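Visitor: Quick one: sequence and predicted model below, then my questions.
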Amino acid sequence: MTHLFLFTLGPVQSFIAQARKVHDLYSGSRILSQLCKVAAEHFENKHGGKVIFPAINSDAIPNRFLGKITTDNDLNSIGKSVADAVQDCWRKKFDEQIAEPLSLNGAVDRKAKSQIEQHLDIQWLFQPLPENYTDEDYRKAYDELNKNLNAIKNTRPFFTTEEKGRKCSLDGERNVIFYRKTPKQQEEKTNDDLQNGNPLFSTDNIVFNYNDEDSIIKLRHLQPGEGLSAVSMLKRFQDFDSGDFPDTAEFALADTMHQVGAEHLSKMTKLFDHDHPKHLNWQLFFEENLNERYFEKQRLPTRELDAAKEIQKALADKAKAHGRKLEKYYALVVFDGDHMGEWWKGARLKPGVKLEDFHKDLTRKLAAFAQAVRAEYSKDKHRGWVIYTGGDDFLGFFNLHHLVGALDFLRDTYQKIVHEPLSDRIGEDHKLTFSAGVCIAHYKEPLSLVLAQARELEHKAKEVDEKKKNAIGNSAKELDEKKKNAIGIGVIPGSGQIAEVVLPFEDFPNLGAVIEALKTPDFSNAFVSKARAELAAFVDDDGEINEALLPTLLDRAVSRACNLTKNEGESDEDFMKRKKEKVEPLQTAVKNLLNAPNQKLNAFFDALDIADFIERQTHISPTKNEPAEHETTT
């Protein structure tokens, strides 16, 4: 008999989001992808099933798969076998990478393995298909699978654990199993002092000395004063080259280093005896970190402090000579496909389209999109880094110089590879799209906070509908239907006050146009403050403004921000024509931003402030006659 088989693996969001380093983010997503691939391959190779979605030959797959199997064998045994294969792989990772090399035993071994054993949340279920099943039978079976899965998740058992002691620095849930002393604790505290009192309150752990580098647990795995659970340590201990994913300081600096800093990067790398720049701590290129306290905390040789300062100053001077600063901000981008539950159910397809065929075709297109994105950003690493792309979701980091281009690339590629080839099967007024969240943050901002803010902006983007303001004349149906296909962008500046704007993707080019215009010497950055001043005088007590005045006020603000002056011998008429050619596109973009759906005046100013912020972080205005050189970091 033939059955559909649905398998899910968790936890997902919490496991990935519990991160202090980029390495933690990548490890969380990679582990889940590897384990789900183990399940899918076991289902196919051991039991003769066939995975319908996702494409399991992809480099990254999501935490669930749908399969089909024709068999007379016991279904419960098959499902349990698939789940056991995943659990066995998870246990083996910990045993081979951590438990056996450290020779864990006794209470510490039991506690660590208990944390590993209880971590995964695996759910699976079967749904029968009739012999010679129809498309209607397939749709009903798929719908029933999802209903039953939701019922299982709503009634799952809750297990409590009695763990008394300090909680993990990464997940905040489990007790610390691995701890490294601080320099002060190294001098003043014995292991018994730590384990029987503050800060551990437990003896079921291993304490590493501050300067212990002989152990397999290196400083990159466990910082001084940091305590990790067994699950978090396994994330830190994944066997991929950690240099593949740099820290946030490198995300911020990458483009400037690529353009003008290859020599300085090489010198700093050699100064600290690294064989490749990817092993270097890029925070050393920021003046605020070049002090004895930072060096001691990072266990860097203080004898190299003066030399490091010289390299840093030389880079800063060279960047300034080319109109650049040593940028401290980067962008984290997340997106998720819109209405994916409805797409997988077939609710948005034309009549007569077979759902199983659509499942297979959509799977191939999503896999092709994911491959195209990985290929695009596997080269020219100064532009961006992909942490995860499963096709209908994405997590990555981008240098601010390339943020606008990256967002355009992601959306355009999704339309070309995913939507357009399937458009002949899609119902009228429907489109395969995604909504994104973008958080721009300082390299020292806690990564968990940045990720949470990006997710929150993504959620707000999902709430956007396609309507324009009532004055434009949309119907009631258009006003109520959520269309998504939007982007939320937020900035966490040094003051901590978050500015954000949420726009339909169709209006994002207007924000990009403002950013690009402000990069040129043709317009003053004072445009934003001038526009705010122009409009503030006309705002009433309710924060509203007479819409009839807006076009004139905004046009005047943009025109006043234009820096163009008459050339020698240029007629007034030619000058006004040249100015008009520069001013009108920006005037149009600014007014379109204001008219974006749900856009209030404060949100409009937030959009301008964000454009101004990005421009100020990426502005290139060489002060020398020669262009900025292009140097490749190797």
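Guide: Nice, thanks for sending it over.

Visitor: For the residue most central in space within the chain, which three-state class applies?
Guide: With distances taken as C-alpha atoms, centre = their mean, the residue of the chain nearest its centroid is Leu395 (3.3 Å). Following DSSP: H, G, I helix; E, B strand; the rest coil, the label given to Leu395 is strand.

Visitor: Wait, it touches Asp336, no?
Guide: No: counting by C-beta atoms under 8 Å, Leu395 stays clear of Asp336, with 9.9 Å between them. All C-beta atoms are positioned from the backbone trio N, CA, C, and that covers glycine.

Visitor: before we move on, the earlier item: is the residue nearest to the centre of the chain in a bridge, and if so with what?
Guide: Leu395 has these beta-bridge partners by DSSP bridges: Val334, Tyr388.

Visitor: State the distance from it to Glu304.
Guide: Going from Leu395 to Glu304 by C-beta to C-beta, to the nearest Å gives 35 Å.

Visitor: before we move on, what about Val333?
Guide: Taking C-beta to C-beta, one finds Val333 at 36 Å from Glu304.

Visitor: more crowded one of those two?
Guide: More neighbours surround Val333 than the other of Val333 and Glu304, with 26 against 16 (other C-beta atoms under 10 Å).

Visitor: so what's the more buried one up against?
Guide: 394-398, 403, 406-407, 410, 436-438, 454 (C-beta atoms under 8 Å, 6 or more residues apart in numbering).

Visitor: In CSV: these, plus distance to Gln195 and pLDDT.
Guide: Output for these, formatted as CSV (distance: C-beta to C-beta, whole Å; pLDDT from 0 to 100):
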residue, distance to Gln195, pLDDT
Phe394, 43, 94
Leu395, 37, 95
Gly396, 41, 95
Phe397, 38, 96
Phe398, 44, 96
Leu403, 47, 95
Ala406, 48, 95
Leu407, 50, 96
Leu410, 49, 96
Ala436, 46, 97
Gly437, 42, 97
Val438, 44, 97
Ala454, 38, 96
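
Visitor: Tabulate these (JSON lines), appending distance to Leu9.
Guide: Listed next are the contacts of Val333 as JSON lines, based on distance: C-beta to C-beta, whole Å:
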{"residue": "Phe394", "distance to Leu9": "19"}
{"residue": "Leu395", "distance to Leu9": "17"}
{"residue": "Gly396", "distance to Leu9": "22"}
{"residue": "Phe397", "distance to Leu9": "25"}
{"residue": "Phe398", "distance to Leu9": "28"}
{"residue": "Leu403", "distance to Leu9": "32"}
{"residue": "Ala406", "distance to Leu9": "29"}
{"residue": "Leu407", "distance to Leu9": "30"}
{"residue": "Leu410", "distance to Leu9": "26"}
{"residue": "Ala436", "distance to Leu9": "25"}
{"residue": "Gly437", "distance to Leu9": "24"}
{"residue": "Val438", "distance to Leu9": "28"}
{"residue": "Ala454", "distance to Leu9": "23"}
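
Visitor: For burial, what's the neighbour tally of the residue lying closest to Ala436 once chain neighbours are set aside?
Guide: The shortest distance from Ala436 to any non-neighbouring residue, by C-beta to C-beta, 6 or more residues apart in numbering, is to Phe335 (3.8 Å). Applying other C-beta under 10 Å, we find 25 residues neighbouring Phe335.

Visitor: For Phe335, list the residues it contacts.
Guide: Asp393, Phe394, Leu410, Phe434, Ser435, Ala436, Gly437, Glu458.

Visitor: Can you show me the strands along the stretch 101-250 of the chain?
Guide: Taking DSSP state E, counting those that start in this stretch as the test, the strands found in the stretch 101-250 of the chain are 121-129, 178-180, 206-208, 227-228.

Visitor: Now tabulate these in JSON lines and tack on distance to Arg299 and mean neighbour count.
Guide: Formatted as JSON lines, the strands of the stretch 101-250 of the chain follow (distance: least, C-beta to C-beta, whole Å; neighbours: other C-beta atoms under 10 Å):
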{"stretch": "strand 121-129", "distance to Arg299": "38", "mean neighbour count": "18"}
{"stretch": "strand 178-180", "distance to Arg299": "11", "mean neighbour count": "24"}
{"stretch": "strand 206-208", "distance to Arg299": "13", "mean neighbour count": "20"}
{"stretch": "strand 227-228", "distance to Arg299": "18", "mean neighbour count": "26"}
